[in-house]
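Novice: The following block contains a protein sequence and its predicted model.
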Amino acid sequence: MVVDASVWVSVLVPADVHHMASRGWLEERLREGTPLIAPVILLADVGGAIARRTGDTGLGQRAVDALLAFPNLRLTPVDARVGGEAARLAARLRLRGADAVYVATAALLGVPLVTWDVEQRERAVSVVRGWAPGNSA
């Protein structure tokens, strides 16, 4: 499954409204050894989001380091194929650029997308199965 930055940010920011649900869900995936996939832009998405939210650039970098150390995480490249598909999906589904990259990655790999972003899930429903942590099938 492809895991969107919204899930990782909520795991790494204790004050996030979804922190406990995301953390529990992620710990269960870790115990199961479930591979979690994300496009490599995850690193910039999470590092930037955490640094902006907290005002602490060091915390943003530590978040990136934590992602890189996560044993189940597999980062995939954003090559011309993914970029082209993301561009098509962004235009067709009216998705933000980064959201389209996560959807394209899931679609091209034929796996579901896990995200807290309701708009992303709803707009991508014709392309990929999506759910929020804890609601997965």
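Specialist: All right, it came through fine.
Novice: Now Arg94: phi and psi?
Specialist: phi 60, psi 50 (degrees, to the nearest 10).
Novice: how about it, what does it touch?
Specialist: By Cβ atoms under 8 Å, 6 or more residues apart in numbering, the contact list for Arg94 reads Arg123. Heads up, the C-betas are built off the backbone N, CA and C, glycines and all.
Novice: how near is Gly134 to Ala15?
Specialist: As judged by Cβ to Cβ, to the nearest Å, Gly134 and Ala15 stand 19 Å apart.
Novice: Tell me which of the two has more neighbours.
Specialist: The neighbour count for Gly134 versus Ala15, taken as other Cβ atoms under 10 Å, is higher for Gly134 (13 against 8).
Novice: And the pLDDT at the more buried one?
Specialist: Looking at Gly134, its pLDDT is 82.
Novice: does it sit in a helix, a strand or a coil?
Specialist: Under DSSP: H, G, I helix; E, B strand; the rest coil, the three-state class of Gly134 is coil.
Novice: cool, and Asp99?
Specialist: helix.
Novice: Any figure for the gap between it and Glu28?
Specialist: Distance from Asp99 to Glu28, by Cβ to Cβ: 25 Å.
Novice: And the strands in this structure?
Specialist: According to DSSP state E, the chain carries its strands in the segments 2-3, 36-39, 73-76, 113-114, 130-131.
Novice: Those: which one's closest to Val9?
Specialist: Comparison of the strands of the chain against Val9 by Cβ to Cβ identifies strand 2-3 as nearest, at 10.9 Å.
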